[in-house]
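Participant: Pasting the sequence and the predicted model now:
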Amino acid sequence: MIRIDCPSCGGRDEVEFAYRGDATVVRPAGDAGEEAFHDFVYRRANPRGWHVEWWYHQAGCRQFLKVVRHTMTHEVHAVARAGDRVEVPAAEHTGVPAAEHKGVPAA
Amino acid sequence: MSVSDVVKADHLTPGAYGAVGGDPVRIARVTCDVVQVMARKGRAADVAAALLASHEVVLPGPGAAAEGRGMTALWVQPEGWFVVAPRAGDGVLAGALKASCGDAGSVVDQSHGRSVIRISGSRAAWVLAKSCRVDLHPSVFGPGRVASTQLFHLGVTLRQVDAVPSYDLMVFSTFVTSFIEALCQAAEETGYVVA
Amino acid sequence: MTQMFRMASGGIVDRSRTIGFRFDGRAYQGHPGDTLASALLANGVRLVGRSFKLHRPRGIFAAGAEEPNALAELRTGARREPNTRMTQIELYDGLEAASQNRWPSLRWDLLSLNGLIAPLLSAGFYYKTFMWPASFWEKVYEPLIRRSAGLGRASREADPDRYDTMQAHCDVLVIGGGVAGLAAALVAGASGVRVMLCEQDFVLGAGLIGEDEAWRSAALERLAGMANVTLLARTNVFGAYDANVVGALERVADHVAEPGAFVPRQRYWTIRAGRVVHATGAYERFIAFPDNDRPGVMLAGAAATYVARYGVHPGRRALLFANNDAAYQSLFTMQDAGVTVAGVVDPRADSAAQAAARARGITVWSASQVVGTAGSLALSGARVARIGSAGTDTLVAADVLCVSGGINPAVQLATQSRTAVAWSERLASWVPGAALLPQFSAGAANGVTGLREAAADGARAGAGASGAPADALGLPEDRPSDVTVLPFWEVKGSGKAFVDIQDDVTADDIRLAAREGYKHIEHAKRYTTHTMGTDQGKSGGLVGAAVLAEARGERVQDVGMPTFRPFTSPVTWGAIAGTSIGKHFAPTRLSPLHEWHVKRGAVFMDAGQWVRPAYYPAPVDGDGWDSVLREARAARRGVAVCDVSTLGKIDVQGRDAAVFLDRLYTNTFSNLPVGRARYGLMLREDGIVFDDGTTSRLAEDHFFVTTTTANAGPVMQHMEFYLQTVWPDLDVTLASVTDQWAAMSIAGPKARATIERIIEGLDVSNEAFGFMAVADATVKGCPVRVFRISFSGELAYEIATPAGHAQTVWNAVLEAGEAFKIEPYGVEALGLLRIEKGHVTGAELNGQTTAADVGLEKMFKKRGDFVGKVLSQRPGLTDPSRPRLVGVRPVMRGDQLRAGMHLVESGTTHSLGWMTAVTRAVELEGWIGLAMLRDGVARIGSRMQAASPLHGALVDVEIVSPHFVDPENARVRV
Amino acid sequence: MRYSGLRLFAEALRGNSGWKPAWRDVAPQKSYDVIIIGGGGHGLSTAYYLAKEHGITNVAVLEKGPIGLGNTGRNTTIVRSNYLLPQNHFFYEKALSLWEGLEQDLNYNAMVSQRGVINLFHAEGTRNAAVRRGNAMLLDGIDAELLDKEQIRALCPLVDVDNARFPVLGGLMQRRGGTARHDAVAWGFARAADQRGVDIIQNCEVTGIDVEGGVVTGVRTTRGRIGAKKIGLAVAGNTSRLAQMAGLEVPIESHVLQAFVSEGVKPLVDQVITFGAGHFYISQSDKGGLVFGGGLDGWNTYAQRGNLPVVDHVWSAGIAMMPSLSRLRGLRQWGGVMDMSFDGSPIISKTPIGGLYMTAGWCYGGFKATPGSGWCHAWTIAQDAPHKLNEAFRLDRFRTGHLLDERGNGPFPWMQ
Ligand SMILES: Cc1cc2nc3c(=O)[nH]c(=O)nc-3n(C[C@H](O)[C@H](O)[C@H](O)COP(=O)(O)OP(=O)(O)OC[C@H]3O[C@@H](n4cnc5c(N)ncnc54)[C@H](O)[C@@H]3O)c2cc1C
Ligand SMILES: NC(=O)c1ccc[n+]([C@@H]2O[C@H](COP(=O)([O-])OP(=O)(O)OC[C@H]3O[C@@H](n4cnc5c(N)ncnc54)[C@H](O)[C@@H]3O)[C@@H](O)[C@H]2O)c1
Ligand SMILES: Cc1cc2nc3c(=O)[nH]c(=O)nc-3n(C[C@H](O)[C@H](O)[C@H](O)COP(=O)(O)O)c2cc1C
Ligand SMILES: [Zn+2]
């Protein structure tokens, strides 16, 4: 269960939130052209590792939160308000499990 | 869905229901006015000052409620509150708040849009915990605390009223029938009384 | 005589009370505290089941969750519950259970003939045959396979019991109530933090039971006295999820025939824990040897449990086959309890326990192994031979053969929390490595055994988890218990040596898989089905891995194990569903006028979460269509009123409210005068239409936005997204007021005449209150907001009022309209009217259409940015041949149209478009419909065919303008 | 070595000692004409059809772990061709026709079971959508039937047709749809490809793709560099990572879909049934377990595990629809990482890089496509041009706006 520590509401379950995807893409200026809007809508780094993403606290304070979450461990490193900057850990998290199916028990 | 399936438990009928012999919870509707107040950009301090002056309330921060003169303010979102007060005439509370805030705040009457249900009794927290994902344990929650969260698949603003404990559950009015049914079903295990 | 294997004393069953139960129809007796398994053993019942594939006779093998064989259909009728482990079923009065997967009876099972062709049924045999002729698979082979596979029979009736859920939080969660778990809970509990302890068994104490009862009861008493500690017995933690959240299943009322009134049968707990202590113990593993599945072969620890906990002799004469000293304790326990001991077979040359056994007068065959078993439906003896001595073996008489190949710490939950495991040479098993989450493993789960050591380890974990000191805890009495093993997995010989007893997987199957290239542990698992049964390989998983390792010429630790996934024990489906079933599966949303609709006898329909009146039958109506047409006719000819409270409504305020709406909608709102409404169109950023609705300007800085019923939530979220993340500088506030305002649409030539009679304080004449005007007024003293907007295409007004006044205002409208024979109309007539008018709704705006597709391209403003503007100009979205909105009429007016018909050129089957919505019309004769059609505009005036091959329908149609009625939009302005 | 009942019998007589490995265990060569990255169903079938249909046999399939344990080995095995959009019709129909002859073609029993797929609907709107879809299928020569409430009651006695919340109005059925044995699909293709000379190389993770002058030259792997004239990606949820190795960012996000299996029981559910008013679908495996699943967890992830909220929803939907399943027990739960495309439809396409091709974006519906995907991917690689069947599955459609959004959910992968 992903638990998100909402800066206003405190730690809450993922069910209270609506996911809204990659928070690093920025809507271009209206006259930036098709290529820029294509990238805004369709181009994603989709990292295996830390991901900065939007979560909308739908059942709580109705705020879009910027969440730094790891896409292997699901660990939440930071939660910030929409306008705030977030730190993204540099290295891969040490908790990345051994690659799947090495034959040793790992979830 | 056919007609007959839509039960109108909306009118909580007085009586005792569910398991007997235990310590039943009490469930009741609370009649009140609800007004949503949101500060305009950069005007939160003005709204706070205005409401302090007009209603003697110190607008609360996240997760809290504060009592003012004849009203309670519940924090619901950054720079946004619900003001709850005993029912007065249409638009009276909203009008007073708007008069007080002026252009510093948006004031939206929700008196008809939100319904409040009170559940009370020593096992009220247990009944709520069947669905409430927010920790209501006395060590982390208590009278005067507020949480907007989800209960029985519905958005709810929950306020602990006293140490009994009693909780006021504010839900969207069009869902209140469905909500009451689910709440009552959850309370059958402890038994519940509608006064 | 009953219970001839019950000891006169010993164990913790309550001999003062007797319980009657039935197994396969026969009556037996047991005591409170028994499981079905212990009670059956007490009655000398050995044969309890048949295996999955070969239908071999099977007996009770374990004493807990790892049981592979003893599965029963528990209870009868709607409460029948297949595959229930007899070792975990608490005995209750009147219990009924039946053996399964056998026909006609357990003793005489026809499919045991499968044993004769066992070599044919080798691992994966079905992948190599049953391919000819191809059509035989569904008709012959698969039905046969399906019927012989599966275990028990499920009930086909709805479950009469109720289930509940519980959301919990704690600082420290202790999983497992053995000595380690109890010690951890005691230490953590003493520190004052919130502690929960979950134990799957109905008795806490595990290894302490019957061993150190004094310590156990003292511990339980102390824990019960701690207000900050919650003890949950009968509660299996079934899975560990992210962030120290676990799922657990409490069996609240499974130990009674039927749950009491309002008592849930089971409760599903979601527990959010600060720190977790895994004190889940260990599962003893067996050794694979020929015919190691004979009823009477049993795990050594289980045999001792039956003695020490249940006071039952699992047999008269016990033989132990073990490679570790700890297992000898089990035998000693049995011997002390009066079981005759036939001896010990131990592959090790010597050990302390061997000496101890000899000292007790027990024969020890050291450096020896069991090479086979004797008996048919029950064990009569085991064949014992010295390792390396070919051919010569001794038949040792025994009716219970206790087996121990060592222990496997229960690391399932730890590994689900991403804890890596490490290989322990001492245990020849996996033990948990360093935890990544705030978790601690303790006791046997951590590879630490012996009551004393395990308690100390538990105390250490409890201290780590709570920050309290561990030393205050007194430790229990102990007997020597060294689980150091000689790694020993399999005895090769003739006969089937099972590595997965339930699924009939043998060591040979594993070797065959390896030979065929399925060498990876996960391939071998899937090819043979090893560890895929209901016990998930708790006691045999590692044995199979070891056989595979040998076949691969590698070490066991290099082969690994199949991934441990939830569930640690199978989980009742209904419990997870909890109360979110039936009508509570999704909440229901009702209009403030709902009760009126009910009283009026409306026929309802679902619209997302809403329940809305479809139409209102009247005595004169022959069928539903009569009602719909009558209602629509009233709107076209006189006046009719519709409850439109379901429309989404959003209050938008702020200095920048107009700018904000300009950026969200394709058209402009900043030039909308106060007191006017405007229809708006909203796109997604990819250029596809998102939603539409009217927006009114109530003040310079105050707008009232309406959305479609279905999109109310998504539009609100869309607005918040852009406001908070894209244009955070705008001064705008948003509030959902859908529930605050009820709304009704009064439509028809007599609409004004109707509302004139009730509107107070507002001149609604055409001159004073023209098309798209908005103003506040009152009706019967209730505040209302009047909008002159029309969806039907008729002169119409929408009146919104705070929900609590809806009934008053609605009644007033009906009363005022009485003179004009006003009719209430439902969603069906609403649909009819909008189709006649050519208005689009969700059927057309289905997330695939552009504004141009539905003829709304003119709604794009020329200047300025708005969401979706840029990408809506991509070639694929501006392609003129895209399907466009058109109207459709049958050439023979009486022909029926259907939504979902496709449009084809006459005589062809190539779809050029489809019908989005159809209706019988009131302004025109017969059926009409809207369609999305390729080159649609160009085709207006032409003939095509509408086809519904699903219904065998083909109709000649003409393509017409989608605006069937009043295309000039004159009526709304009169 | 051919598989047959006779061979099984002969082997049984000699202790099953004569069986040979289903595919060879080989070390990578220095270079290949074509390298397929990803040893799931799509990669293996691509290799098989390259050899079978195009005579290209100097091919290696590189798989980072053991083959067939990605989504191919963890899906709910539903096979069908009941799509709405014509661009999808002909492709999935091709796939279904390949399934229909697969066992004989591969000489491996993949247990393709045409037991019927039923999509239930509960409201006018969804009924209309089902009618539109069924008609579109029939017009394009694909079987479809509309079932009313009573037919559902008769065919699926466990379904609570009179459901208290979402009563069933009817269903759209494709009788030729059904299930196939997931593992056997991977193994069968591997064995058949191997027999045609394809090298299947396990435990060989691709860590880099070499591109020179805009054209691929080979891959770097945990087992060294391997040269290649052409490279096909078939790596499902890892598509973004592999594409990035070649310098491409693609309109794909990785999301987890969970699945569940119950304890085995005697035959109970005879078709594949999907529930329209909540996310839920179910079928019974031949072993007896009820295999079921629902929607995505709904956030980016590369982990093959999900969380409880989706479990709660899926299991509730199951009991809401089939109340008699309530006393059954779930046995195991797992997840797979899907390549969710931004319009919910696949990509079988050339890329802006010479010699680089991909079959991707399969979301949670790619198992049914397995033979068709391989067939078209092989064609595209061999001809350096798409086949008519996969022309619409172009990578550049997101730029041009020729989207294939079956459900109309828009560019939100977590909603597709
Ligand atoms: C729970 C679930 C249920 C589903 N249900 C259905 C269903 O009912 N019907 C249906 O049609 N579809 C279903 N699907 C979708 C379907 O499973 C997939 O679309 C399909 O199996 C994908 O096959 P694939 O060969 O592309 O991918 P995979 O089988 O995942 O194969 C990709 C392979 O690439 C390998 N790989 C990745 N990176 C590298 C690298 N760097 N180097 C080398 N190898 C690499 C992986 O290890 C993996 O083996 C479901 C999916 C899931 C998860
Ligand atoms: N039967 C044996 O052969 C055997 C095996 C291991 C340990 N032991 C003995 O047990 C003692 C070790 O004590 P311990 O406390 O570490 O282990 P334990 O086996 O005594 O207790 C573990 C407890 O955890 C419970 N449990 C396991 N998984 C669970 C889950 N998912 N949810 C809820 N409950 C769960 C079990 O039912 C058991 O009661 C030592 O004395 C050791 O010698 C005996
Ligand atoms: C169609 C299907 C049926 C399955 N049946 C079983 C089963 O009967 N028993 C079992 O233990 N697992 C079963 N599984 C689950 C697998 O054991 C395994 O969990 C899944 O393939 C994912 O792999 P992983 O758990 O190793 O990551 C089944 C999986 C699928 C896809
Ligand atoms: Zn919040």
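Facilitator: Nice, thanks for sending it over. Ligands and ions are numbered 1, 2, ... in the order given.
Participant: and stretch C:392-405 with ligand 2, contact?
Facilitator: No. Counting by CB under 6 Å from any ligand atom, ligand 2 has no neighbours in stretch C:392-405; the shortest distance is 7.0 Å. For glycine as for every other residue, the C-beta is placed from the backbone atoms N, C-alpha and C.
Participant: What distance separates the opening and closing residues of stretch C:701-719?
Facilitator: This stretch, stretch C:701-719, spans 17 Å end to end (CA to CA, to the nearest Å).
Participant: Helix or strand: which one has the residue of the stretch 1-150 of chain D found nearest chain C?
Facilitator: Scanning the stretch 1-150 of chain D for the residue nearest chain C gives D:Val131, at 2.8 Å (criterion: CB to the nearest CB). D:Val131 is part of helix D:124-139 when elements are defined by DSSP states H and E.
Participant: C-terminal to that helix, what's the next element?
Facilitator: Following helix D:124-139 toward the C-terminus (DSSP H and E): strand D:145-148.
Participant: neighbouring strands for that next one, and are they parallel or not?
Facilitator: Within its sheet, strand D:145-148 is paired with strand D:170-174 (antiparallel), according to DSSP bridges.
Participant: follow-up on the earlier one: tell me the secondary structure of the spatially closest residue to the residue of the stretch 1-150 of chain D closest to chain C that is not a sequence neighbour, please.
Facilitator: In this structure, D:Val131 finds its nearest non-sequential neighbour in C:Gly900, 2.8 Å apart by CB to CB, 6 or more residues apart in numbering or on different chains. Here C:Gly900 is recorded as coil under DSSP: H, G, I helix; E, B strand; the rest coil.
Participant: circling back to that earlier point, and the helix holding D:Val131, how far out from the chain middle?
Facilitator: Averaging C-alpha positions (CA atoms, centre = their mean, to the nearest Å) puts helix D:124-139 24 Å from its chain's average.
Participant: Kindly report the same for stretch D:142-154.
Facilitator: 26 Å.
Participant: Name the surrounding residues that touch it.
Facilitator: With CB atoms under 8 Å, 6 or more residues apart in numbering or on different chains as the test, stretch D:142-154 has contacts from C:950-951, D:81-82, D:89, D:93, D:118, D:120, D:130-131, D:133-135, D:137-138, D:155, D:159, D:161, D:167-176.
Participant: same check, this time on stretch C:148-157
Facilitator: The contact list for stretch C:148-157 (CB under 8 Å, 6+ apart) reads C:52-53, C:71-73, C:77-84, C:100-101, C:111, C:114, C:534, D:157-158, D:263-268, D:286-288, D:324-325, D:327-328.
Participant: buried sites along that stretch?
Facilitator: C:148-155 (16 or more other CB atoms under 10 Å in any protein chain shown).
Participant: from those residues, which is closest to chain D?
Facilitator: For the buried residues of stretch C:148-157, the residue nearest chain D by CB to the nearest CB is C:Gly150; the value is 3.0 Å.
Participant: Spatially, which residue comes closest to the closest one, not counting chain neighbours?
Facilitator: D:Gly288 (3.0 Å).
Participant: Now that neighbour, what are its backbone angles?
Facilitator: The phi and psi torsions at D:Gly288 (degrees, to the nearest 10) take the values phi 120, psi -10.
Participant: buried residues in stretch D:179-199?
Facilitator: Using 16+ other CB under 10 Å as the test for burial, stretch D:179-199 gives D:179-196, D:198-199.
Participant: With stretch C:749-762 instead?
Facilitator: Across stretch C:749-762, burial judged by 16+ other CB under 10 Å covers C:749-755, C:758-759, C:762.
Participant: wait, isn't the residue of the stretch 1-150 of chain D closest to chain C in contact with C:His902?
Facilitator: No. Between D:Val131 and C:His902 there is no contact under CB atoms under 8 Å: 9.7 Å.
Participant: Next, show the common contact partners of these two.
Facilitator: Contact criterion CB under 8 Å, 6+ apart; residues shared by D:Val131 and C:His902: C:Ser948.
Participant: Check what pLDDT residue 90 gets.
Facilitator: You didn't pick a chain, so chain A it is. As predicted, A:Ala90 sits at a pLDDT of 82.
Participant: Let me rephrase: I mean chain C.
Facilitator: We have a pLDDT of 98 for C:Glu90.
Participant: ok, how many other residues are close to it?
Facilitator: Neighbourhood size, C:Glu90 [other CB atoms under 10 Å in any protein chain shown]: 19.
Participant: ditto for the one 3 residues further on
Facilitator: Number of residues near C:Asp93 (other CB under 10 Å) recorded here: 13.
Participant: Name the SS class of it, please.
Facilitator: Applying three-state DSSP: C:Asp93 is coil.
Participant: Look up the closest residue to residue 31, ignoring the ones flanking it.
Facilitator: No chain specified, so I'll use chain A. Among residues not flanking A:Asp31 along the chain, C:Asp865 sits closest, at 7.5 Å (CB to CB, 6+ apart).
Participant: nope, chain D
Facilitator: D:Gly227 (3.0 Å).
Participant: same deal with C:Gly115?
Facilitator: Nearest one to C:Gly115, counting by CB to CB, 6+ apart, is C:Leu54 at 5.1 Å.
Participant: you'd agree the one you found is up against C:Asp504?
Facilitator: Yes. Between C:Leu54 and C:Asp504 a contact is recorded at 4.9 Å, counting by CB under 8 Å.
Participant: These two: which has the busier surroundings?
Facilitator: Neighbours per residue, other CB under 10 Å: of C:Leu54 and C:Asp504, the larger number sits with C:Asp504, 24 against 20.
Participant: Tell me which residues touch the more buried one, please.
Facilitator: C:51-54, C:56, C:496, C:498.
Participant: Dump those into JSON lines; add distance to ligand 4 as well.
Facilitator: Output for the contacts of C:Asp504, formatted as JSON lines (distance: CB to the ion, whole Å):
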{"residue": "C:Ser51", "distance to ligand 4": "54"}
{"residue": "C:Phe52", "distance to ligand 4": "50"}
{"residue": "C:Lys53", "distance to ligand 4": "54"}
{"residue": "C:Leu54", "distance to ligand 4": "58"}
{"residue": "C:Arg56", "distance to ligand 4": "58"}
{"residue": "C:Lys496", "distance to ligand 4": "60"}
{"residue": "C:Phe498", "distance to ligand 4": "54"}
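Participant: Which members of those define the maximum pairwise distance?
Facilitator: C:Phe52 and C:Lys496 (13.2 Å; CB to CB).
Participant: The two: who's more crowded?
Facilitator: C:Phe52 (28 against 20).
Participant: From B:Asp109, how far off is the more buried one?
Facilitator: 66 Å (CB to CB, to the nearest Å).
Participant: coming back round to it: give the buried subset of the contacts of stretch D:142-154 as a PyMOL selection command.
Facilitator: Per 16+ other CB under 10 Å, the buried members of the contacts of stretch D:142-154 correspond to this PyMOL selection:
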select buried, (chain C and resi 950) or (chain D and resi 81+82+89+93+118+120+130+131+133+134+135+137+138+155+159+161+167+168+169+170+171+172+173+174+176)
